[in-house]
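J.: Let's see this in three dimensions:
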Amino acid sequence: MIKEKDLLEAIAECQGERNPNANTCIKLSAYYTILNQMRKEPAEQYSFASEPEMVTLSGDTEFMKAIEGMPANDVIMIMDELMTTLSIVNPRLYRGVMNKL
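T.: Residues are numbered from 1 along each chain as shown. Here you go, the predicted model:
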(Lines give C-alpha, C1' and ligand atoms only; values in the text may rest on other atoms or scores of the structure.)
Protein backbone atom coordinates (compact mmCIF):
# COMPACT_ATOMS: atom_id res chain seq x y z
CA MET A 1 0.00 0.00 0.00
CA ILE A 2 1.32 3.42 -0.92
CA LYS A 3 1.63 5.78 2.04
CA GLU A 4 1.20 9.54 1.93
CA LYS A 5 4.72 10.03 3.27
CA ASP A 6 6.17 8.05 0.33
CA LEU A 7 4.16 10.12 -2.16
CA LEU A 8 5.31 13.39 -0.60
CA GLU A 9 8.93 12.24 -0.79
CA ALA A 10 8.52 11.26 -4.46
CA ILE A 11 6.90 14.63 -5.22
CA ALA A 12 9.75 16.48 -3.49
CA GLU A 13 12.28 14.45 -5.47
CA CYS A 14 10.58 15.30 -8.79
CA GLN A 15 10.29 18.95 -7.88
CA GLY A 16 13.96 19.06 -6.90
CA GLU A 17 15.26 17.95 -10.31
CA ARG A 18 17.41 20.56 -12.00
CA ASN A 19 16.37 19.70 -15.57
CA PRO A 20 12.91 18.16 -15.46
CA ASN A 21 11.73 16.38 -18.59
CA ALA A 22 8.37 15.07 -19.79
CA ASN A 23 8.74 11.85 -17.78
CA THR A 24 9.30 13.86 -14.61
CA CYS A 25 6.12 15.85 -15.28
CA ILE A 26 4.15 12.66 -15.96
CA LYS A 27 5.34 11.11 -12.70
CA LEU A 28 4.59 14.29 -10.79
CA SER A 29 1.03 14.48 -12.13
CA ALA A 30 0.45 10.81 -11.29
CA TYR A 31 1.77 11.30 -7.76
CA TYR A 32 -0.49 14.31 -7.19
CA THR A 33 -3.50 12.43 -8.58
CA ILE A 34 -2.89 9.49 -6.24
CA LEU A 35 -2.33 11.86 -3.31
CA ASN A 36 -5.59 13.70 -4.03
CA GLN A 37 -7.50 10.42 -4.26
CA MET A 38 -6.01 9.24 -0.96
CA ARG A 39 -7.06 12.44 0.81
CA LYS A 40 -10.67 12.30 -0.37
CA GLU A 41 -13.17 11.19 2.20
CA PRO A 42 -14.89 8.00 1.14
CA ALA A 43 -18.44 8.58 -0.01
CA GLU A 44 -21.16 6.86 1.93
CA GLN A 45 -22.59 3.98 -0.02
CA TYR A 46 -26.10 2.69 0.37
CA SER A 47 -27.49 -0.43 -1.15
CA PHE A 48 -30.76 -2.27 -0.89
CA ALA A 49 -29.14 -5.45 -2.19
CA SER A 50 -28.22 -8.04 0.41
CA GLU A 51 -24.99 -9.02 -1.33
CA PRO A 52 -22.80 -7.16 -3.84
CA GLU A 53 -23.00 -8.24 -7.46
CA MET A 54 -19.96 -10.33 -8.35
CA VAL A 55 -18.14 -10.14 -11.66
CA THR A 56 -18.89 -13.36 -13.53
CA LEU A 57 -16.97 -12.67 -16.74
CA SER A 58 -14.24 -15.04 -17.75
CA GLY A 59 -11.35 -14.68 -20.12
CA ASP A 60 -7.74 -15.54 -20.72
CA THR A 61 -6.21 -12.11 -20.06
CA GLU A 62 -4.44 -11.30 -16.82
CA PHE A 63 -7.00 -8.56 -16.13
CA MET A 64 -10.00 -10.83 -16.64
CA LYS A 65 -8.48 -13.49 -14.39
CA ALA A 66 -7.73 -10.86 -11.70
CA ILE A 67 -11.30 -9.53 -11.54
CA GLU A 68 -13.09 -12.87 -11.70
CA GLY A 69 -15.31 -13.18 -8.64
CA MET A 70 -14.65 -9.66 -7.33
CA PRO A 71 -17.56 -7.44 -6.33
CA ALA A 72 -18.45 -5.35 -9.40
CA ASN A 73 -18.39 -2.11 -7.38
CA ASP A 74 -14.78 -2.77 -6.30
CA VAL A 75 -13.72 -3.29 -9.92
CA ILE A 76 -15.46 -0.07 -11.00
CA MET A 77 -13.76 1.93 -8.22
CA ILE A 78 -10.33 0.64 -9.26
CA MET A 79 -11.05 1.42 -12.91
CA ASP A 80 -12.22 4.93 -11.93
CA GLU A 81 -8.86 5.60 -10.23
CA LEU A 82 -7.05 4.31 -13.30
CA MET A 83 -9.13 6.50 -15.63
CA THR A 84 -8.52 9.59 -13.48
CA THR A 85 -4.77 9.03 -13.70
CA LEU A 86 -5.00 8.25 -17.42
CA SER A 87 -6.88 11.50 -18.08
CA ILE A 88 -3.87 13.40 -16.76
CA VAL A 89 -1.04 11.22 -18.02
CA ASN A 90 -2.42 10.45 -21.50
CA PRO A 91 -5.50 12.53 -22.38
CA ARG A 92 -5.68 11.18 -25.94
CA LEU A 93 -5.86 7.57 -24.79
CA TYR A 94 -8.36 8.57 -22.08
CA ARG A 95 -10.60 10.24 -24.68
CA GLY A 96 -10.36 7.12 -26.91
CA VAL A 97 -11.51 4.87 -24.06
CA MET A 98 -14.34 7.25 -23.17
CA ASN A 99 -15.50 7.28 -26.79
CA LYS A 100 -15.65 3.48 -26.78
CA LEU A 101 -17.72 3.51 -23.60
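
J.: What are the structural domain limits within this structure?
T.: By the assignment in automatic domain parsing, the chain contains the domains 1-40, 54-101.

J.: Regarding the most far-flung residue of the chain relative to its centre, what is its secondary structure?
T.: Here the chain reaches farthest from its C-alpha mean at R18, the gap being 28.7 Å by Cα atoms, centre = their mean. Under DSSP: H, G, I helix; E, B strand; the rest coil, the three-state class of R18 is coil.

J.: okay if I get the domains of the chain as a markdown table plus mean pLDDT?
T.: Below are those laid out as a markdown table (pLDDT from 0 to 100):
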| stretch | mean pLDDT |
| --- | --- |
| domain 1-40 | 83 |
| domain 54-101 | 85 |
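
J.: Surely E81 is in contact with Q37?
T.: Yes: contact criterion Cβ atoms under 8 Å: E81 and Q37 qualify, at 5.9 Å. All C-beta spots, glycine's among them, are computed from the backbone N, C-alpha and C.

J.: show me the contacts for I26.
T.: Residues in contact with I26, defined by Cβ atoms under 8 Å, 6 or more residues apart in numbering, are V89.

J.: That one belongs to a strand?
T.: No: counting by three-state DSSP, I26 is located in no strand; its state is helix.

J.: Against A10, how distant is it?
T.: Distance of I26 to A10, given as Cβ to Cβ, to the nearest Å: 13 Å.

J.: With A66 instead?
T.: In terms of Cβ to Cβ, A66 sits 25 Å off from A10.

J.: Fine, thanks again, bye for now.
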